[in-house]
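1. Below is the sequence, then the predicted model.
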Amino acid sequence: MKIAFTTKGEKWESMIDPRFGRTEFILIYEEEKDAFISFDNRDIEQEAHGAGPKTSQVIYDLKPDVLITGNGPGGNAASILERMNIKIFTGAGNMTVKEAYEAYKKGTLKEF
Amino acid sequence: MKIAIASGKGGTGKTTLSTNLAAYIAESQKVVLSDLDVEEPNSGLFIKGALIKEENKFTMKPEWKEDKCTLCGLCQEVCNYNAIVKLGNEIVVFPELCHSCYACSELCPTNALPMVPQKMGVLKHFEKNGISFIESRLDIGQEQAVPLIAQTLEFVDENFLDTSIKLYDSPPGTSCPVIEATKDADFIILITEPTPFGFNDLKLAIETMKKLEKKFAVVINRFGIGNDDVVEYCEKENIPLIAKIPNNRKVAELYSRGELIYDKIPEVKQELKKITDYILKILKPNKA
């Protein structure tokens, strides 16, 4: 399973970025390899419009099976994510990546 | 001459001033009143004229032609608004993010993104007692007011060359719709109420007009409520405060019935005269 997190850093201890479109990083944890792939999304700050679709497009190309985030994607972003075979979980805005992963495993995150 | 009535804060009397000023001026000369608050036009509640013309207004959006597309992705790269994304072997357009700049369409090497018209609203032209009233209304679900405001301004420019006074009832706030509604105006009237909220937003509106290098003046509505901050500020900053429309219960009563007020309350008419005299003077400095 490839699990994507919207994050403020690139480690297990990093905080989840509650924003979807304007997340600083996209961190992908590959369970089988026990390894991270990270995507630096900080250029999104320069975008005045359409951060949601732009970040969704990155997620689309990275093809994770699961997305864990905070507030959840907006309408435009969601319409892109709906085209993928992906499960989205929200409500991890105040957690570290590790805590969010554990919460996901326990099934306590909210499915979008 | 083009005079925009703007405010910063909503609900301070833009429409009340626009409609009453239009009717007052129309007693002596022809006037055009255009409601540019296309998301919520309401001048028409007070100027109930005869409908002369009604036309649909369109904006242009790209439409993806799958059979022509080579999936090169250039469209996505050139879009400044992230309104077009390549998803695998599909191109997805988000019309509500699109600003109709044509970049994707013009630069597409295989013409796979022709621009097609999309209806965004309706423009109506009414006539009433010397007032040519133009109202545009954005369709439900449309997110961008600016293109419709721009087309409404064009309509007024093209159809009323001979009418010397044109009034524009602007949208509230200080964002894109207000900029579009005021950027071609010769003069801006900023109407406010003398309350902390009115004062705060007035300062934002003044800052905006200074950035646009516009001539402007302030009118206080509901004068008598709140405090003296607006008056003191205008004095300190040397901003012309050209009229004070008194707070009066009768104004609210007439307004709630969709009636004009200036011909029923002499104090209001007197303030409108001050505004009109000021505008005529400042816009014709050589004739003074």
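-> Thanks, I have the structure now. Numbering: from 1, shown residues only, chains lettered A, B, ... in the order given.
2. how far out from the middle of the chain is whichever strand or helix holds B:I282?
-> Per DSSP states H and E: B:I282 is located in helix B:266-283. Averaged C-alpha coordinates place helix B:266-283 at 21 Å from its chain's average position (C-alpha atoms, centre = their mean, to the nearest Å).
3. What of stretch A:21-35?
-> Per C-alpha atoms, centre = their mean, the centroid offset for stretch A:21-35 relative to its chain is 7 Å.
4. just stretch B:184-203 next, same as before
-> 14 Å.
5. mind listing the helices in chain B by residue range?
-> B:14-26, B:74-78, B:103-107, B:146-159, B:176-182, B:196-211, B:229-237, B:249-256, B:266-283 (DSSP state H).
6. related to what we said a few turns ago, which other helices and strands contact the helix holding B:I282?
-> helix B:14-26, strand B:187-192, strand B:216-223, strand B:241-246 (3 or more C-beta pairs under 8 Å, 6 or more residues apart in numbering or on different chains; DSSP states H and E). Where C-beta positions appear, they are placed from N, C-alpha and C, glycine not excepted.
7. Now that A:R19 has come up, it's in contact with A:T6, right?
-> Yes: applying C-beta atoms under 8 Å, one finds A:R19 in contact with A:T6, separated by 6.9 Å.
8. where do the contact lists of these two overlap?
-> A:G70 (C-beta atoms under 8 Å, 6 or more residues apart in numbering or on different chains).
9. So between the two, which is more surrounded?
-> Shown here are A:R19 and A:T6; by other C-beta atoms under 10 Å in any protein chain shown, A:T6 has more neighbours (30 against 21).
10. so the more buried one is in which element?
-> Going by DSSP H and E, A:T6 is in strand A:2-7.
11. chain center to that strand: distance?
-> With C-alpha atoms, centre = their mean, you get 4 Å for strand A:2-7.
12. is any part of the helix or strand following that strand close to chain B?
-> Using DSSP H and E, the helix or strand that directly follows strand A:2-7 along the chain is strand A:25-30. No: Strand A:25-30 lies out of reach of chain B by C-beta under 8 Å from any C-beta of the partner chain, never closer than 15.7 Å.
13. farthest residue from the center of chain A?
-> A:A48 (20.6 Å; C-alpha atoms, centre = their mean).
14. Could you tell me how far that one is located from chain B?
-> 8 Å (C-beta to the nearest C-beta, to the nearest Å).
15. Let's verify that residue: helix, strand, or coil?
-> coil (DSSP: H, G, I helix; E, B strand; the rest coil).
16. So what's the residue count around the residue in the stretch 151-288 of chain B that chain A sits nearest to?
-> For the stretch 151-288 of chain B, the residue closest to chain A is B:C176, as judged by C-beta to the nearest C-beta, at 11.1 Å. Using other C-beta under 10 Å, B:C176 has 13 other residues around it.
17. Now do the same contact list for it.
-> B:145-146.
18. 7 Å - rerun?
-> Taking C-beta atoms under 7 Å, 6 or more residues apart in numbering or on different chains as the criterion, B:C176 is in contact with B:V146.
19. swap in the one 4 residues further on?
-> Applying C-beta under 7 Å, 6+ apart, one finds that B:E180 lies in contact with B:146, B:149-150.
20. again, only this time at 8 Å
-> So B:E180 contacts B:36, B:145-146, B:149-150, B:153 (C-beta under 8 Å, 6+ apart).
21. Which one (most neighbours) among those residues?
-> Neighbour counts for the contacts of B:E180 peak at B:L36, which has 30 neighbours (criterion: other C-beta under 10 Å).
22. Who's the closest spatial neighbour of that one, skipping the chain neighbours?
-> Computed as C-beta to C-beta, 6 or more residues apart in numbering or on different chains, the closest residue to B:L36 that is not its neighbour in sequence is B:A181, at 4.3 Å.
23. count of neighbours near the one you found?
-> Neighbour count of B:A181, defined by other C-beta under 10 Å: 27.
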